[in-house]
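Colleague: How does the following fold in three dimensions:
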Amino acid sequence: MSNQQWNIWSTVAMLALLVANLSAHEALGQDSPAASERPSAQPQPPARPLLYYFEHVSLRDAALRYDQDIQRLIAQPRQAGEPITRLFAKATLYASGVPGFKSDAGFDDMSRFMRQISFETIRREGYTIHLMGMPTPEHPPEAYFVAFVYKDGEPLVEGTPAPSTRYITLEKTAVTGRAFALGEWDVKGNHKTHGFGNQEPTVRDLVGNVFALLGINPK
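Modeller: The predicted structure is shown next:
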């Protein structure tokens with residue numbers, strides 16, 4: 001995507017975030033998503049809530065449930081400003097429940113984050129694997145990369161999780177002596193850690209770990 005396109009969608013994103021933020025605060029007397037659905041792997045408020053909830057909630061849910069935003073991202077990754085914007089707008093509903101989160105700072109953060117996201121797709125042994133590079137993580141458990149996996153030939157129905165769909169992360173970890181954790185989310189919001197790595201990961205590490213989890217021969 002060109003810088004001009006990103007600038008256009010960054011402006012749209014600011015408006016979308018503002019609307020979402022207002023919607024969250026207007027629901028007085030109700031639990032916000034951040035309070036009622038906070039992911040189990042993050043019991044403490046995240047240091048950069050907008051990025052955390054994008055990677056670990058809104059993007060995760062979109063991928064596992066094959067919603068319209070993920071379909072549009074897959075179909076036209078070079079013109080992904082609109083679906084990414086909406087996913088960040090959803091993330092701000094969660095972030096707005098974190099003490100100290102300020103929507104004006106969130107606007108600037110999101111514009112910067114969007115410029116750092118990458119996307120590519122590989123296919124191997126009956127699986128389609130979508131790989132996304134994330135902004136450089138600064139705090140655990142922000143992600144270096146995420147991957148979402150669909151099994152070829154398995155029906156994908158919008159809003160209905162397919163049994164074989166996977167959402168896998170390479171996350172910055174607080175474990176001493178380890179650089180990253182290999183994590184995975186399921187559709188119920190449960191998180192597991194499969195293992196750890198000792199060096200800052202690359203996309204090749206993501207691909208290798210995804211292949212291993214799927215039982216794919218790297219050849």
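
Colleague: Now residue 92: which helix or strand?
Modeller: With secondary structure defined by DSSP states H and E, residue 92 is part of helix 81-95.

Colleague: and that helix, how far out from the chain's middle?
Modeller: Taking CA atoms, centre = their mean, to the nearest Å, one finds helix 81-95 lying 10 Å from the centre of the chain it belongs to.

Colleague: Check stretch 171-190 too.
Modeller: Counting by CA atoms, centre = their mean, stretch 171-190 is centred 13 Å from the centre of its parent chain.

Colleague: Tell me which stretches of the protein form strands.
Modeller: Listed in chain order, the strands found in the chain under DSSP state E are 118-124, 127-133, 143-151, 166-172, 180-185, 191-197.

Colleague: Enumerate the positions of the fourth one that are buried.
Modeller: Yep, that's strand 166-172 we're talking about. Buried positions in strand 166-172, judged by neighbour count with 16 or more other CB atoms under 10 Å: 166, 167, 168, 169, 170, 171, 172. Backbone N, C-alpha and C define where each C-beta goes, glycine included.

Colleague: Quick one: residues in contact with that strand.
Modeller: Identification of contacts with strand 166-172 by CB atoms under 8 Å, 6 or more residues apart in numbering yields 55-56, 60, 63-64, 137-149, 179-186, 197, 201, 205-206, 209-210, 213-214.

Colleague: What mean pLDDT does stretch 194-207 get?
Modeller: Mean per-residue pLDDT for stretch 194-207: 95.

Colleague: now swap in stretch 131-139 and tell me
Modeller: For stretch 131-139, mean pLDDT is 97.

Colleague: First-to-last residue distance for that stretch?
Modeller: For stretch 131-139, the separation between the terminal residues is 21 Å (CA to CA, to the nearest Å).

Colleague: Same question for stretch 209-219.
Modeller: Across its full length, stretch 209-219 reaches 14 Å between end residues, using CA to CA.

Colleague: And the contacts of it?
Modeller: The set of residues that contact stretch 209-219 without belonging to it, under CB under 8 Å, 6+ apart, is 124-125, 127, 129, 147, 149, 166, 168, 170, 182, 184, 194-195, 208.

Colleague: So for that stretch, what gets flagged as buried?
Modeller: Across stretch 209-219, burial judged by 16+ other CB under 10 Å covers 209, 210, 211, 213, 214, 216.

Colleague: wait, which of those is closest to residue 80?
Modeller: residue 210 (20.8 Å; CB to CB).

Colleague: If we ignore the residues flanking it in sequence, what's nearest the closest one?
Modeller: Of all residues not flanking residue 210 in the chain, residue 147 sits nearest, at 5.0 Å (CB to CB, 6 or more residues apart in numbering).

Colleague: surely the one you found meets residue 133?
Modeller: No: the pair residue 147 and residue 133 does not pass the contact test of CB atoms under 8 Å, sitting 10.5 Å apart.

Colleague: dump the residue contacts of residue 54.
Modeller: Residues near residue 54 by CB under 8 Å, 6+ apart: 87, 88, 91, 113.

Colleague: Please apply the same query to residue 120.
Modeller: Contacts were defined as CB under 8 Å, 6+ apart; by that measure residue 120 touches 77, 130, 131, 203.

Colleague: All set, thanks.
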